[in-house]
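> Mind folding the following:
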Amino acid sequence: MPNGAEIIRDSINEFSRVQNWMLIVEDKNSTLYQSMYDRYTELKMTLISLGVNLAKFDKIEG
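Residues are numbered from 1 along each chain as shown. Predicted structure coming up:
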């Protein structure tokens, strides 16, 4: 079972990947973007609940 540090590390890695993908999608109204946004939101909520400060790391507005 992963410990807290591993969960945080893995979530940050995925959060970063999802953000980078979102930034290159041109159609922000597409189903693809909305799906990525849902995952972004889930990861953001997870990281915040684990006490990670995303203020300087979060590149997506909204």
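
> buried residues in stretch 5-18?
Neighbour-count burial for stretch 5-18 flags 8, 11-12, 14-15, 18 (criterion: 16 or more other CB atoms under 10 Å). Yep, even glycine has a C-beta here, placed from its N, CA and C like the rest.

> Give me the residues contacting it.
Applying CB atoms under 8 Å, 6 or more residues apart in numbering, the contact partners of stretch 5-18 are 2, 36, 39-40, 43-44, 46-47, 50, 52, 54, 57.

> before we move on, the earlier item: in the buried residues of stretch 5-18, find the pair that's most separated.
Ile8 and Val18 (15.6 Å; CB to CB).

> outside of stretch 42-53, which residues touch it?
By CB under 8 Å, 6+ apart, stretch 42-53 touches 4, 7-8, 11-12, 14-15, 18, 54, 58.

> Could you dump those residues into JSON lines and include secondary structure, distance to Val25 and pLDDT?
Converted to JSON lines, the contacts of stretch 42-53 look like this (DSSP: H, G, I helix; E, B strand; the rest coil; distance: CB to CB, whole Å; pLDDT from 0 to 100):
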{"residue": "Gly4", "secondary structure": "helix", "distance to Val25": "32", "pLDDT": "85"}
{"residue": "Ile7", "secondary structure": "helix", "distance to Val25": "27", "pLDDT": "90"}
{"residue": "Ile8", "secondary structure": "helix", "distance to Val25": "26", "pLDDT": "92"}
{"residue": "Ser11", "secondary structure": "helix", "distance to Val25": "21", "pLDDT": "94"}
{"residue": "Ile12", "secondary structure": "helix", "distance to Val25": "21", "pLDDT": "95"}
{"residue": "Glu14", "secondary structure": "helix", "distance to Val25": "17", "pLDDT": "97"}
{"residue": "Phe15", "secondary structure": "helix", "distance to Val25": "16", "pLDDT": "97"}
{"residue": "Val18", "secondary structure": "helix", "distance to Val25": "11", "pLDDT": "97"}
{"residue": "Leu54", "secondary structure": "coil", "distance to Val25": "20", "pLDDT": "93"}
{"residue": "Asp58", "secondary structure": "coil", "distance to Val25": "17", "pLDDT": "94"}
